[in-house]
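Fold the following.
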Amino acid sequence: MTGIYLIDDNEAFRTSVQWSLEDLEFTVRSFASATDFLAFLQTESAARPAPRDEAAASEEPIEPMPWCIVSDVRMPDMSGMELLDALWRIQSTLPIVLMSGHADIPLAVEAMAKGAAHVLEKPFELDVLAKVVTLVAQQPLGGPRNPDDARSRLEKLSPRESEVLALICAGCLNKTIADTLGISVKTVELHRAKLSNKLGAKNIHELIKISLGYT
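Numbers count the residues shown, from 1 in each chain. As a prediction, the model looks like this:
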């Protein structure tokens with residue numbers, strides 16, 4: 001089971017996606033704005049699993065359900081990019097997937113630099129969203145979030161290495177990164193090796209962890 005906090009100011013879209021995801025057995029809580037979601041996040045119930053009845057109290061502890069945020073980028077009250085900044089400030093452990101009708105490479109790079117786990121372009125197939133949120137929500141981050149330490153590591157990267165990292169975390173292959181940045185695949189591989197060494201990351205999962213503020 002995976003939980004999704006769905007944020008979109010378009011009620012018809014939000015309702016349709018929620019119903020479709022619930023049909024796929026996801027647990028969904030929807031919000032009309034990022035502000036509403038942040039207010040919810042501050043409540044005790046947002047940080048705790050659902051209460052168990054007394055009959056189940058003696059059973060083995062239940063693993064908490066993994067949750068992730070799926071938010072639109074363009075919203076009138078607070079944008080998805082501003083939500084990323086707010087989540088960083090409060091050291092949220094929730095991974096976030098952004099949705100946009102104009103999800104170009106510059107947006108993806110900026111979003112990944114701010115901590116987004118994935119960027120989806122609208123319209124998208126529901127099964128694509130389902131696969132993305134399942135992967136993102138269950139991504140083993142491990143350890144407490146330490147944005148200051150992560151930021152100090154990321155500041156060691158050159159501007160080009162930062163661009164390559166953002167595209168790696170966005171799921172781009174080396175060939176796509178090379179085409180996007182106008183460099184050779186071998187140069188991408190060199191940047192990839194150098195940035196991994198600087199960050200102390202052994203694989204893409206560790207790169208994503210650091211980009212999300214975990215060390």
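
Next, work out how far apart Leu94 and Lys122 are.
21 Å (C-beta to C-beta, to the nearest Å). The C-beta positions use only the backbone N, C-alpha and C, and glycine is treated the same way.

the more surrounded of those two?
Per other C-beta atoms under 10 Å, whichever of Leu94 and Lys122 has more neighbours is Leu94, with 19 against 14.

isn't the more buried one right up against Pro66?
No - judged on C-beta atoms under 8 Å, Leu94 makes no contact with Pro66 at a distance of 9.5 Å.

Show me the strands in the protein, by range?
3-7, 27-31, 67-72, 96-100, 118-121 (DSSP state E).

Out of the helices and strands in this structure, which is least certain?
Among the helices and strands of the chain, helix 44-47 carries the lowest confidence by mean pLDDT, DSSP states H and E, at a mean of 49.

need the contact list for the closest residue to Ser71 other than its chain neighbours.
Beyond its immediate neighbours in the sequence, the residue positioned closest to Ser71 (C-beta to C-beta, 6 or more residues apart in numbering) is Ile7, lying 4.0 Å away. Contacts of Ile7 were listed using C-beta atoms under 8 Å, 6 or more residues apart in numbering, and they are 30-34, 36-37, 69-72, 75, 80, 83.

where does this protein dip in pLDDT?
Filtered on pLDDT under 70, the chain yields the residue ranges 44-63, 103-105, 109, 113, 139-147, 171, 205, 212-215.

give me that answer again for 90
Scanning the chain for pLDDT under 90 picks out 1-2, 41-67, 77, 85, 87-96, 100-154, 165-173, 176, 201-215.

Give me the domain ranges for it.
Residue ranges for the domains of the chain, per automatic domain parsing: 3-137, 147-211.

Now the terminal residues of the first one, how far apart.
What that stands for is domain 3-137. Start and end residues of domain 3-137 are separated by 8 Å (C-alpha to C-alpha, to the nearest Å).

So what's the gap between it and the chain middle?
Averaging C-alpha coordinates over domain 3-137 and over its chain gives two centres that are 8 Å apart (C-alpha atoms, centre = their mean, to the nearest Å).

next one: stretch 194-205
With C-alpha atoms, centre = their mean as the basis, the distance from the averaged C-alpha position of stretch 194-205 to the chain average is 19 Å.

tell me what the lengthiest helix in the chain is packed against?
Ranked by residue count and defined by DSSP state H, the top helix of the chain is helix 185-199. Contact here means 3 or more C-beta pairs under 8 Å, 6 or more residues apart in numbering; DSSP states H and E; on that basis helix 185-199 packs against helix 147-154, helix 159-169, helix 174-181, helix 204-211.

quick one, which of those is packed in tightest?
Mean neighbours per residue, mean count of other C-beta atoms under 10 Å, is largest over the helices and strands packed on helix 185-199 for helix 159-169, with a mean of 21.
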